[in-house]
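Undergrad: Predicted model and sequence follow; I will ask about them next.
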Amino acid sequence: MNRYIEQSAEYLQQKGFEAPEIGIILGTGLGQILDEVVVESEVSYNHIPNFPTATVEFHKGKLIYGNLSGKKVIVMQGRFHLYEGYSLADVTFPVRVMHQLGIKKLLVSNASGAINLKFKKGEIMLIDDHINLQGDSPLAFRGVELMGERFVDMSAPYDVEMNSKFEQIAKANNIILHKGVYASVIGPQLETRAEYRYLKIIGADAVGMSTVPEVIVANHLGLAVSALSVLTDECDPDHLKPVDINEIIAMAGKAEPHMTTLFTELIKQL
């Protein structure tokens, strides 16, 4: 895998991806922050050696390099999921490439469903901890110890300092920012009523189909990582309605200005 990572990184360096400080992964329907980036280079995933290709229609497929709030950033416009048929190695490959290029911090966003019924759709949750329900680990492969510690400590997978700054920024800008536990499932089907009840019992505040693999690999690589969930629907098993994917995208759009403020203000402080 190391050789593939190096090949991808060398290609991107040739395209002008020089000395990035921060990596950003954008989730479903979350692309507005790109309006704040002074773009210096962008490359489609399908042009990067060894890169997977995004297959979900509302996920773009570009890696973008530029300046945001005075910092050099790489933005993943579109991510990869297990439900697309990728392996966890594929899903997390871009994180390893961004690390090879030099990032020190990783910011992640996603769209998720609110299990905690005190949280409302259109609001944002800061991920304080997570539950991996994807049935596998992106570190479960032969030779992982050559790339970092095999038995990665996950007692505090999300960076305390960045999370604290997020909370301060939210307060200063009158943004509702919940804090909670994110459960990551495979998907792509949505949950049943019984599954939503189960998720609540085991301590989840929100559920989605991404983020946890990237966060595990970030910890494996020693990257400080922080993640925001845009809550796009309310998962009340006693009053469950069929999910409308268009409404989910619309809710992501509603929360985007606040997420953009949180990310841009945080990056100024890093």
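TA: That came in fine, so what should we check first? Worth saying up front: this structure is predicted, and the values here are computed from it rather than measured.

Undergrad: Farthest out from the centre of this protein, which residue is that? Tell me.
TA: Relative to the centre of the chain, the most outlying C-alpha is that of Asp238, 29.4 Å out, by C-alpha atoms, centre = their mean.

Undergrad: Assumed it was part of a strand.
TA: No: assessed by DSSP: H, G, I helix; E, B strand; the rest coil, Asp238 does not belong to a strand; its assignment is helix.

Undergrad: ok, and the closest non-adjacent residue to it?
TA: The shortest distance from Asp238 to any residue other than its chain neighbours is 7.9 Å, reached at Arg193 (C-beta to C-beta, 6 or more residues apart in numbering). In this view, the C-beta of every residue, glycine as well, is placed from N, C-alpha and C.

Undergrad: Quick check: the one you found touching Cys235?
TA: No: look at Arg193 against Cys235 with C-beta atoms under 8 Å: they stay out of range, at 9.1 Å.

Undergrad: Looking at those two, which is more packed in?
TA: Cys235 (26 against 13; other C-beta atoms under 10 Å).

Undergrad: right, and that one touches Val207 too?
TA: Yes: contact criterion C-beta under 8 Å: Cys235 and Val207 qualify, at 6.8 Å.

Undergrad: average model confidence for the helix or strand hosting Val207?
TA: Val207 belongs to strand 206-208 when assigned by DSSP states H and E. The average pLDDT within strand 206-208 is 98.

Undergrad: Show me the common contact partners of Cys235 and Val207, please.
TA: Shared contacts of Cys235 and Val207, defined by C-beta atoms under 8 Å, 6 or more residues apart in numbering, comprise Gly113, Ile115, Glu191, Tyr196, Leu199.
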